[in-house]
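# sequence first, predicted model second:
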Amino acid sequence: QVQLVESGGGLVQAGGSLRLSCAASGRTFSSYAMGWFRQAPGKEREFVATISQSGGITYYADSVKGRFTISRDNAKNTVYLQMNNLKAEDTAVYYCAASTRIATSLETRYDYWGQGTQVTVSS
């Protein structure tokens, strides 16, 4: 089992940047594919980005491609989401998640979830 704790959220102006971190407990972090999802007020949770166990494969939602970068440091049991050129529509609670399967955009394939961190982008 793994516990996930997100950090790095906050209030930023449009065009600004934030870096989210997700720290995982346990010794088997490198065996999990990791993903970031987000949920805006009144909307369903949606896929943002995912990264494979080794970090060699990444996928992004079209809405964030070219602006967000997912990365991981297996030595630190941490996955990151660098968010640049933020827009008002990026405002949401951001969740990290861990999957014992391959990196995927499918929410149902993730086994463990963090509590989320709020990102608010002012226009």
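Nice, thanks for sending it over. Numbers count the residues shown, from 1 in each chain.

# any idea which residue is closest to the centre of this protein?
Nearest to the geometric centre of the chain sits Trp36, at 2.4 Å (CA atoms, centre = their mean).

# how near is the residue nearest to that one when sequence neighbours are not counted to Val12?
Nearest residue to Trp36, sequence neighbours excluded (CB to CB, 6 or more residues apart in numbering): Val48, at 4.3 Å. The C-beta positions use only the backbone N, C-alpha and C, and glycine is treated the same way. Distance of Val48 to Val12, given as CB to CB, to the nearest Å: 16 Å.

# more crowded one of the two?
Shown here are Val48 and Val12; by other CB atoms under 10 Å, Val48 has more neighbours (25 against 17).

# tell me who's in contact with Gln53.
30-33, 103 (CB atoms under 8 Å, 6 or more residues apart in numbering).

# that one is in what secondary structure piece?
Taking DSSP states H and E as the definition, one finds Gln53 inside no helix or strand.

# how near is it to Thr91?
Distance of Gln53 to Thr91, computed by CB to CB: 30 Å.

# secondary structure class for Val121?
strand (DSSP: H, G, I helix; E, B strand; the rest coil).

# so what's the residue nearest to it when sequence neighbours are not counted up against?
In space, and not counting its chain neighbours, Val121 is closest to Leu86: 4.6 Å by CB to CB, 6+ apart. Leu86 makes contact with 12, 14-18, 67, 119, 121 under the criterion CB under 8 Å, 6+ apart.
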